[in-house]
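# have a look at this prediction, sequence included:
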Amino acid sequence: MSLLPLFDVSLIARAAQPALECEDANGAFVNYTFGDLEARSNQLAHLLRARGLKSGDRLAFFLQNRIEVIDLWLAGAKLGLIIVPTNVLYRERELTHILHDAAPMAVVTSRDLAGFIPGDVPVWDVDALAAEAAAQVTTRLFVPADADTPMALIYTSGTTGASKGAVLTQGNFATNALTLVSAWAVSGADRYLAALPLFHVHGLANGVHCWLFSGCHMRLFERFEHAKAAQWFEDYRPTLFFGVPAMFIRLLELPPEVARAIGARLRLAVSGSAPLPAEVHEKFRQRYGSVILERYGMTETLMNVGNPYAGERRPGTVGLPLAHVAVRICDEAGAVVADGTTGELWVKGPNVCSGYWRRPDATAAAWQDGWFRTGDIGVRATDGYITLQGRRSDLIISGGFNIYPREIEEVLLEQPGVREAAVVGMPDPVRGEVPVAYVAVDAAKFDEAATAAHLRSQFASFKQPKAFVRVEALPRTALGKVQKRLLPPWTG
């Protein structure tokens, strides 16, 4: 199935219905109907066609949440483009790899972010693009598509080497959203408070698509701000909220009477992108009177598993396989293990991406007999509930964002005085995990402040080491492999 007929249930059938509220530059909310979104995306599609884009071309965006991201997504679906969402926290080193690998026709960004884009990549200013699009006709352009038509190229940290682009198809997105709308009873009566970044599959594949497929109302914020959250919830009175654990931890700081009022109106709160501590799950239930629904997904697969909407939402677990998704738990040889036995999660279904962009080696390594090997370790109870226990790789998830340690380690090893470096994830009460750098150094040559400053110039803020821990040498096996589990504890 393709996306546009499913979008049209709202864009055309609900054309006059209020759809979206976004803040303008002055902080005032601007209202749009579904018909407005149809017209805006048609105008942008005409402009993109005039600029030479055709089906299969890549177009990247490097933007905070704003209506133009939705315009780009809808126009991309109409023209058969492959959209490349890019994390706004990334900096030149990360952007250079992604944009050179994806080779988009251009990157759509704002004036304040344009300076981070590599100089050899074409940049289109989002405000100028929107102004030019407003002069175009509103008739629809349409390129036929099906379930196998690529829709997005989204980069995810892998277990080895540079980040890889997962090729997600229109069928992947359609299946995912249809499943969630049904499983979570999302309807046109809902009000969705959207503060997740739209460059991430959580905010895009889940949030935006559940909104468009159901015809509910959405209020979109540029980013989550915990200091404003109480006012947001009071003013908008949402029935739906999707967040990451760090957001729910911040929401626990609200006064009990405020929390109870929010919870009384909140039909469903969903947590994902990182493990939700069972303690937070219980505290939220006590304070808000609302039971968080935790689920499990990946960039490559979208959503795989979730606690039930009608049924037990078990703290500490990610629940049961979603409709159309098959899940196995396997040992290292690929054999299915018995319930209660730890193993790697393998998944299969129409939600799984078609492979990695221009990486046949990585694609072959991740798929076996039609099953995608997630690299995540877990165990299934006899009643089917799945609990995640860690990752096969040493990937760090901080506030819902993936951090690949080797990327940071390589830059550390380039710095004066650093002989050895290992970056590991340490527990953090707000972000879930934070990176900590263990370094063996020549004290006379190593400047910690200068090293930290260099890392800030190279990487997104969430990748910055929380601390530098100096060691005489990294613990290694006889073959020279670093044994991170033997590093001394970090006390914070």
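Noted; the coordinates are in hand.

# for residue 314, grab phi and psi.
Main-chain dihedrals, residue 314, degrees, to the nearest 10: phi -80, psi 120.

# residues in contact with it?
By CB atoms under 8 Å, 6 or more residues apart in numbering, residue 314 lies in contact with 307, 385. From N, CA and C alone the C-beta is placed, and that goes for glycine too.

# then the one 10 residues further on?
Residue 324 makes contact with 175, 179, 349, 350, 351 under the criterion CB under 8 Å, 6+ apart.

# ok, now which ones touch the third one?
If I follow you right, that is residue 349. Contacts of residue 349 (CB under 8 Å, 6+ apart): 175, 301, 304, 324, 325, 326.

# let's go with 10 Å and repeat that
For residue 349, the contact set (CB atoms under 10 Å, 6 or more residues apart in numbering) comprises 172, 175-176, 179, 301-304, 321-327, 370-372.

# and the nearest residue in space to it that is not next to it in sequence, how many neighbours?
Spatial nearest neighbour of residue 349, excluding adjacent residues (CB to CB, 6 or more residues apart in numbering): residue 325 at 4.2 Å. Residue 325 has 23 neighbouring residues, counting by other CB atoms under 10 Å.

# residue 325 against residue 298, yeah?
No - using CB atoms under 10 Å, residue 325 is not in contact with residue 298; the gap is 11.6 Å.

# quick one: common contacting residues for those two?
Taking CB under 10 Å, 6+ apart as the contact rule, residue 325 and residue 298 both touch 304, 347, 351, 352.

# which residue packs closest to the third one, ignoring adjacent ones?
I take that to be residue 351. Spatial nearest neighbour of residue 351, excluding adjacent residues (CB to CB, 6+ apart): residue 302 at 4.8 Å.

# what comes up buried for stretch 228-241?
Buried positions in stretch 228-241, judged by neighbour count with 16 or more other CB atoms under 10 Å: 229, 230, 232, 233, 236, 238, 239, 240, 241.

# and for stretch 316-328?
Under 16+ other CB under 10 Å, the buried positions of stretch 316-328 are 317, 318, 319, 320, 321, 322, 325, 327, 328.

# before we move on, what about stretch 273-283?
For stretch 273-283, the buried set under the neighbour-count rule, 16+ other CB under 10 Å, comprises 273, 274, 275, 276, 277, 280, 281, 283.

# turn those into JSON lines, including pLDDT.
Output for the buried residues of stretch 273-283, formatted as JSON lines (pLDDT from 0 to 100):
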{"residue": "273", "pLDDT": "86"}
{"residue": "274", "pLDDT": "81"}
{"residue": "275", "pLDDT": "83"}
{"residue": "276", "pLDDT": "87"}
{"residue": "277", "pLDDT": "86"}
{"residue": "280", "pLDDT": "92"}
{"residue": "281", "pLDDT": "95"}
{"residue": "283", "pLDDT": "95"}
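
# in helices, which of the residues you listed appear?
Applying DSSP state H to those, the entries found in helices are 280, 281, 283.

# pipe those into CSV and attach distance to residue 402 per row.
Output for those, formatted as CSV (distance: CB to CB, whole Å):
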residue, distance to residue 402
280, 20
281, 22
283, 26
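
# how about the buried residues of stretch 316-328 in JSON lines, adding pLDDT, secondary structure and distance to residue 95?
Shown next, in JSON lines, are the buried residues of stretch 316-328 (pLDDT from 0 to 100; DSSP: H, G, I helix; E, B strand; the rest coil; distance: CB to CB, whole Å):
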{"residue": "317", "pLDDT": "95", "secondary structure": "coil", "distance to residue 95": "37"}
{"residue": "318", "pLDDT": "97", "secondary structure": "coil", "distance to residue 95": "32"}
{"residue": "319", "pLDDT": "98", "secondary structure": "strand", "distance to residue 95": "36"}
{"residue": "320", "pLDDT": "98", "secondary structure": "strand", "distance to residue 95": "38"}
{"residue": "321", "pLDDT": "98", "secondary structure": "strand", "distance to residue 95": "36"}
{"residue": "322", "pLDDT": "98", "secondary structure": "coil", "distance to residue 95": "33"}
{"residue": "325", "pLDDT": "97", "secondary structure": "coil", "distance to residue 95": "33"}
{"residue": "327", "pLDDT": "98", "secondary structure": "strand", "distance to residue 95": "34"}
{"residue": "328", "pLDDT": "97", "secondary structure": "strand", "distance to residue 95": "36"}
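
# could I get the contacting residues of the residue nearest to residue 238 when sequence neighbours are not counted?
In space, and not counting its chain neighbours, residue 238 is closest to residue 193: 3.8 Å by CB to CB, 6+ apart. Residue 193 makes contacts with 207, 217-221, 224, 229, 232-233, 235-243, 266, as judged by CB under 10 Å, 6+ apart.

# wait, is residue 193 part of a strand?
Yes - applying DSSP: H, G, I helix; E, B strand; the rest coil, one finds residue 193 inside a strand.

# now do the buried residues in stretch 237-255.
For stretch 237-255, a neighbour-count test (16+ other CB under 10 Å) marks 238-251, 254 as buried.

# hang on, the earlier thing: any idea how far the residue nearest to residue 349 is from residue 213?
Separation of residue 325 from residue 213 (CB to CB, to the nearest Å) stands at 18 Å.

# so what's residue 152 up against?
Residue 152 is in contact with 58, 73, 76-77, 81-85, 165-170, 172-173, 201, 204-205, 299, 353, counting by CB under 10 Å, 6+ apart.
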